[in-house]
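Chemist: Give me a model of this one.
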Amino acid sequence: MTMSRNTLAILVIVFLSVVSTGSAQQQTLGKTLFSLSNGDGVPLPSNSVSHLLFAKSTGTLWAGTSRGLAKTSDPNLQLWQDFGGIAQFAQPGIFALDVHGDSIWAATGYSKEVDNSSVQTGSGYAYSTDNGVTWNSRPQPLDASNDSVVMYGANRIHFLPIVVPEQNVTFDLALTDSLVWIASWSSGIRKSSDLGQTWQRIVLPKTTASSIRPSDSLGDYVMDPRRDNNFLGFSVLAMGRDTVWAGTAGGVNVSTDRGSSWRHISVDNQTSSIAGDWIVAIAAQPLTGHTRVWTTNWPGDGPNQQYAVSYTDDFGATWVKSLRGLKVYAFAFHDSIAYAAADDGVYRTSDGGISWLRSGTVEDPHTGQRISSSTFYSVATIADTVIGAGPDGLARTIDNAAHPFGSDWTVIRSYVPSVSPSVVYAYPNPFAPSQQVTRFHYTTGTSAALVNIELFDFGMNRVRTVLYGASRIGESDDLWNGLDDHGRLVPNGVYFYRITIGSDKPAWGKILVVD
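Modeler: Numbers count the residues shown, from 1 in each chain. Okay, the predicted model is just below:
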């Protein structure tokens with residue numbers, strides 16, 4: 001199926017670029033951060049953050065990073081508990097998170113080389129029922145090769161057995177008091193009532209159908225994700241005891257009986273419908289008198305498909321489309337305000353998507369730290385604090401009458417402190433300029449000083465002056481994007497950098513460019 005091949009390629013770029021960024025950084029920061037692992041009051045385990053989730057009942061912010069899971073109750077987001085050193089997170093890539101009370105589930109995975117291509121591979125789940133004090137694990141759901149028939153009313157439904165973890169990554173989780181729901185790429189939508197010991201495969205409508213129920217006469221019904229996009233799971237939202245929304249590469253599906261019968265919504269089967277059939281995220285915004293359901297839409301198969309967001313106030317009967325042409329990854333809400341994490345920033349609307357504000361350049365005026373990537377993969381709110389996460393760290397801003405959204409940012413990034421002006425380093429190292437920037441980290445001590453940062457090639461020819469005569473104080477980062485002084489991308493290879501702080505002797509280091 002053309003859709004699944006193209007989609008898989010996009011997924012590898014979007015989600016596993018987070019893992020590759022963190023791996024490069026780990027070569028510089030790994031030993032220092034790992035020695036502090038699983039303790040309170042350590043830095044965020046990686047600056048590459050794909051998931052944020054605030055649990056209001058416990059006052060805990062959870063972060064899924066390229067080097068595992070972490071949580072914090074620190075309002076400044078500086079002190080974290082890092083779970084990367086425990087066995088349940090042996091594969092540190094976090095692909096999905098959900099919290100319900102004291103229960104937290106995380107889906108893990110990794111990239112595997114198959115026929116010279118990177119294939120996303122599910123490695124299972126880590127879960128805790130005591131807010132992260134203790135952890136258990138479950139394997140990625142796999143079927144026996146002969147396990148292909150499920151009874152659905154009087155119908156015999158034939159499933160394609162999913163017998164390997166490759167292309168079987170769980171991209172979303174939803175928890176209720178009694179159920180765990182998962183949305184997995186090849187495994188589709190499944191649920192468990194026994195904490196993942198067993199999983200029930202969920203029967204969904206075909207892409208061409210508008211509904212399915214056990215009382216239907218379905219004939220020879222085959223659920224094969226290679227042949228129908230609506231069997232490729234990507235997002236799931238549980239609303240209360242019985243209602244569940246499931247997003248696939250073929251549209252939105254909603255059930256009010258715990259996943260027994262379903263209504264299917266696609267671009268083509270309603271007059272006022274969603275903008276695109278590939279549903280990356282589904283989120284609920286509680287409003288006065290009703291709940292608004294938002295979806296992020298990416299193009300699926302067929303015409304009239306576009307990037308956008310869509311929402312419904314009437315349980316999917318009609319949809320309002322907004323942010324057309326924009327690739328959005330996640331939502332967060334504060335009362336009537338909605339936030340969207342997107343490819344070019346964090347967006348805010350208070351009027352149901354009629355107008356939006358965008359975050360713009362995210363820079364901390366107090367430390368000089370800047371988020372170099374415009375992409376934000378996730379967003380969370382804690383009262384009127386808005387927190388964005390992406391491949392280059394966290395950033396928070398206040399959004400209220402006294403502090404307009406995005407007017408002042410605090411950037412939160414992990415680094416190993418420099419013990420003196422003579423100790424400098426670059427991270428990530430090696431680095432790929434097409435995917436990221438590298439940072440030169442140093443300290444001026446307790447006093448301000450003028451700083452120069454220069455780059456030389458292997459023949460000691462000057463390549464780039466990153467900084468000249470700039471005033472800095474304390475721990476600082478300055479960025480290099482891989483371009484020389486003429487704006488050209490430097491070739492792959494080894495480069496030397498020289499950092500001069502005030503009148504001190506210059507400090508030297510080496511960096512490897514690999515793109």
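Chemist: Show the end-to-end separation of stretch 408-416, please.
Modeler: Criterion C-alpha to C-alpha, to the nearest Å; first-to-last residue distance in stretch 408-416 is 25 Å.
Chemist: for that stretch, which positions count as buried?
Modeler: The neighbour-count check on stretch 408-416 (16 or more other C-beta atoms under 10 Å) flags 409-416 as buried. Backbone N, C-alpha and C define where each C-beta goes, glycine included.
Chemist: next one: stretch 374-390
Modeler: Of all the residues in stretch 374-390, those buried under the rule 16+ other C-beta under 10 Å are 374-382, 384-390.
Chemist: from the residues you listed, which is closest to Gly459?
Modeler: Closest approach to Gly459 among the buried residues of stretch 374-390 (C-beta to C-beta): Ser374, at 34.7 Å.
Chemist: Just the element for the closest one, please.
Modeler: Taking DSSP states H and E as the definition, Ser374 sits outside all helices and strands.
Chemist: who touches it in this structure?
Modeler: By C-beta atoms under 8 Å, 6 or more residues apart in numbering, the contact list for Ser374 reads 343-345.
Chemist: what's near enough to touch the spatially closest residue to Trp294 that is not a sequence neighbour?
Modeler: Spatially, and ignoring its direct neighbours in sequence, Trp294 is nearest to Tyr311 (4.5 Å; C-beta to C-beta, 6 or more residues apart in numbering). Shown in contact with Tyr311 (C-beta under 8 Å, 6+ apart): 285, 292-295, 319-320, 322, 352-353.
Chemist: What segments of the chain are helices?
Modeler: All helices of the chain, identified by DSSP state H, fall at 2-35.
Chemist: Now do stretch 396-405: everything it contacts.
Modeler: By C-beta under 8 Å, 6+ apart, stretch 396-405 touches 77, 334, 337, 348, 357, 359, 384-388, 406-410, 412.
Chemist: Just these: which are in strands?
Modeler: Among those, the members found in strands (DSSP state E) are 334, 337, 348, 357, 385-388, 409-410, 412.
Chemist: and which of the buried residues of stretch 374-390 is nearest Asn452?
Modeler: Comparing these against Asn452 with C-beta to C-beta picks out Ser374 as the nearest, at 28.3 Å.
Chemist: how close does the closest one get to Gln140?
Modeler: According to C-beta to C-beta, to the nearest Å, Ser374 and Gln140 sit 33 Å apart.
Chemist: List of residues touching stretch 317-325?
Modeler: Residues contacting stretch 317-325 (C-beta under 8 Å, 6+ apart): 265, 270, 272-275, 297, 306-313, 340, 342, 347, 349, 352-354, 356.
Chemist: just the buried members of those?
Modeler: 265, 270, 273-275, 297, 307-313, 340, 342, 347, 349, 353, 356.
Chemist: Just to be sure, which of those are found in strands?
Modeler: Among the buried ones among the contacts of stretch 317-325, the ones falling in strands (DSSP E) are 265, 297, 308-312, 340, 342, 347, 349.
Chemist: These: which two are farthest apart?
Modeler: Using C-beta to C-beta, those span at most 23.4 Å, a distance reached by Ile265 and Tyr347.
Chemist: quick one, domains of this structure?
Modeler: 140-323, 425-513 (automatic domain parsing).
Chemist: just these: most buried one?
Modeler: Most buried of the domains of the chain by mean neighbour count (mean count of other C-beta atoms under 10 Å) is domain 140-323; its value is a mean of 19.
Chemist: Going by mean pLDDT, which of the domains of the chain comes out lowest?
Modeler: In terms of average pLDDT, domain 425-513 trails the rest of these, at a mean of 92.
Chemist: How far off centre is stretch 151-159?
Modeler: Relative to its chain's centre, stretch 151-159 lies at 35 Å (C-alpha atoms, centre = their mean, to the nearest Å).
Chemist: Can you give me the first-to-last residue distance of that stretch?
Modeler: Stretch 151-159 end-to-end distance (C-alpha to C-alpha) = 11 Å.
Chemist: and what of stretch 234-254?
Modeler: Using C-alpha to C-alpha, the two ends of stretch 234-254 sit 14 Å apart.
Chemist: ok, now stretch 212-226?
Modeler: Chord length of stretch 212-226, first to last residue, is 20 Å (C-alpha to C-alpha).
Chemist: Contacts for it next, please.
Modeler: Against stretch 212-226 from outside (C-beta under 8 Å, 6+ apart): 1, 4, 152-160, 185-186, 188, 201, 203-205, 231-232, 260-262, 264.
Chemist: that older thread, of the buried residues of stretch 408-416, which is the nearest to Gly93?
Modeler: Ser414 (17.3 Å).
Chemist: Do I have it right that the closest one meets Val49?
Modeler: No: counting by C-beta atoms under 8 Å, Val49 is not a contact partner of Ser414; they are 10.1 Å apart.
Chemist: So what pairs up with Ala308 in the strands?
Modeler: Counting by DSSP bridges, Ala308 forms beta bridges with Asn297.
Chemist: I figured it hits Asp277, correct?
Modeler: No: between Ala308 and Asp277 there is no contact under C-beta under 8 Å: 11.5 Å.
Chemist: what is in contact with the two at once?
Modeler: The contact sets of Ala308 and Asp277 overlap at Asn297 (C-beta under 8 Å, 6+ apart).
Chemist: that older thread, kindly reformat the contacts of Tyr311 as TSV containing distance to Ser476.
Modeler: Conversion of the contacts of Tyr311 to TSV gives the following (distance: C-beta to C-beta, whole Å):
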residue	distance to Ser476
Gln285	40
Arg292	43
Val293	44
Trp294	39
Thr295	42
Trp319	47
Val320	45
Ser322	39
Gly352	42
Gly353	39
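Chemist: if I look at the residue lying closest to Gly251 once chain neighbours are set aside, how far off is Asn297?
Modeler: Leaving aside its sequence neighbours, Gly251 sits nearest to Ser266 (C-beta to C-beta, 6+ apart; 3.6 Å). Ser266 sits 11 Å away from Asn297, going by C-beta to C-beta.
Chemist: same check, this time on Ser211
Modeler: Counting by C-beta to C-beta, the gap from Ser211 to Asn297 is 21 Å.
Chemist: Could you export stretch 361-380 as CSV, CA atoms only?
Modeler: In CSV, the C-alpha atoms belonging to stretch 361-380 read as follows (Å, rounded to 0.1, in the frame of the first residue of the first chain):
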residue,chain,number,x,y,z
THR,A,361,11.4,33.3,18.3
VAL,A,362,11.8,31.6,21.7
GLU,A,363,14.7,33.2,23.6
ASP,A,364,15.3,33.6,27.3
PRO,A,365,16.3,37.2,28.0
HIS,A,366,17.8,36.4,31.3
THR,A,367,20.2,33.6,30.2
GLY,A,368,20.5,34.1,26.5
GLN,A,369,19.4,30.5,25.9
ARG,A,370,17.4,30.1,22.7
ILE,A,371,15.4,27.3,21.2
SER,A,372,17.0,26.9,17.8
SER,A,373,14.4,24.6,16.3
SER,A,374,11.0,26.1,15.3
THR,A,375,9.4,22.6,15.7
PHE,A,376,7.5,21.8,18.9
TYR,A,377,6.3,18.2,19.3
SER,A,378,4.3,18.7,22.4
VAL,A,379,2.7,21.3,24.6
ALA,A,380,1.3,21.3,28.2
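Chemist: Give the rounded mean pLDDT of it.
Modeler: Rounded mean pLDDT across stretch 361-380 is 88.
Chemist: contacting residues for the residue lying closest to Phe315 once chain neighbours are set aside?
Modeler: Closest residue in space to Phe315, ignoring its immediate chain neighbours: Val254 at 7.1 Å, by C-beta to C-beta, 6+ apart. Residues near Val254 by C-beta under 8 Å, 6+ apart: 243-246, 262-263, 265, 315-316.
Chemist: try Gly240
Modeler: Thr176.
Chemist: Return the distance of stretch 327-337 from the chain's centre.
Modeler: 14 Å.
Chemist: what sits up against that stretch?
Modeler: Stretch 327-337 is contacted from outside by 52, 280-281, 283, 285-287, 294, 296, 298, 307-309, 338-343, 347-350, 376-381, 383-384, 386, 399, using C-beta under 8 Å, 6+ apart.
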